[in-house]
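Enquirer: only geometry, no sequence info:
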């Protein structure tokens, strides 16, 4: 038996990560067709992030499926190029990777366009080349590639895309990305990436060495609190999207906003001490936040 025979199924290994996200990906209360399509979109988004982060399942199965040689299997830019080539087959051929084959019926059924998918690939290419962001606007521009396409795909899958709803969705998705960055400061630094704007680090007198410290200093905590408030403001800006829709979609979108708010509460409850590991909310906190949103209390 070879290592390839015992390696985990790359499709299953990717989809199983849905349970660790800050927000519900395809909850049980949605129609089966929506759940299937949302999981197909999630599989794409998760896989492209895993390529960009070097977090593919061991064994090299994904590289082989994408036609990447063993000598290039650790080259993330080569893998992203091959993944983009396979994405094109979703729209005009037969893709090789099982997650892209899973995506193809969704694309056809929902009339999805290539642009959001290419945006997610572009974000991961940028991660290989850009590791620091000078301003908050620079970070928001990155989130327009790394996060906002996911929200736009959710709206497209559920047939609810309008210019105003896309604007609100973008605010929510950017906020969720910023929250994830705050949770993962230490993990990102291990990859030589910092998603805290350099101008804000200077304002709060935070050096890069402070982010590598065992103990989270007061200046780092103040900086994280500042960025968390920015994320909270963006969530509040996008929250009217929940009140604009009805039925099960309303529950789904409330879950997205609630996931972000609950994560921010968890960060605050940890006194903004994010360096030992990502503060994460429990299910009770998530449900409480969702209830507040659905009642329209804030």
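Expert: Received the coordinates, thanks. Remember, predicted model here, so these are calculated numbers, not experimental data.

Enquirer: per-residue pLDDT, residue 296?
Expert: Residue 296 is assigned 80 on the pLDDT scale.

Enquirer: quick one: it and residue 234, what's the gap?
Expert: Distance of residue 296 to residue 234, given as Cβ to Cβ, to the nearest Å: 19 Å. Using the backbone N, CA and C atoms, a C-beta is placed for each residue, glycine as well.

Enquirer: check residue 99 too.
Expert: Residue 99 is 29 Å from residue 234, where distance means Cβ to Cβ.

Enquirer: now do the helices in the stretch 151-298 of the chain.
Expert: Taking DSSP state H, counting those that start in this stretch as the criterion, the stretch 151-298 of the chain contains helices spanning 163-183, 185-190, 198-203, 208-211, 218-238, 240-244, 247-269, 283-294.

Enquirer: for residue 276, which of these is the nearest?
Expert: helix 185-190 (7.5 Å; Cβ to Cβ).

Enquirer: other SSEs contacting the closest one?
Expert: Contact analysis of helix 185-190 by 3 or more Cβ pairs under 8 Å, 6 or more residues apart in numbering; DSSP states H and E lists helix 208-211 as its packing neighbours.

Enquirer: helices or strands next to the helix it packs on in the packing?
Expert: Against helix 208-211 (3+ Cβ pairs under 8 Å, 6+ apart) you get helix 185-190, helix 218-238.

Enquirer: residues in contact with it?
Expert: In this structure, residues lying in contact with helix 208-211 by Cβ atoms under 8 Å, 6 or more residues apart in numbering are 185-186, 189, 194, 196, 201, 217, 219-220, 275.

Enquirer: now that helix: buried residues?
Expert: Within helix 208-211, the residues that qualify as buried by neighbour count (16 or more other Cβ atoms under 10 Å) are 210-211.

Enquirer: how far off centre is that helix?
Expert: Averaging C-alpha positions (Cα atoms, centre = their mean, to the nearest Å) puts helix 208-211 24 Å from its chain's average.

Enquirer: same question for stretch 41-49.
Expert: Between the mean C-alpha point of stretch 41-49 and the mean C-alpha point of its chain there is a distance of 9 Å (Cα atoms, centre = their mean).

Enquirer: average pLDDT across that stretch?
Expert: 96.

Enquirer: go on, stretch 252-265?
Expert: Over the span of stretch 252-265, the pLDDT mean works out to 95.

Enquirer: now what about it, what contacts it?
Expert: With Cβ under 8 Å, 6+ apart as the criterion, stretch 252-265 contacts 21-24, 27, 30, 151, 154, 158, 172, 175-176, 179-180, 183, 228, 231-232, 235, 238-239, 241-242, 245, 279-281, 285-290, 292-294.
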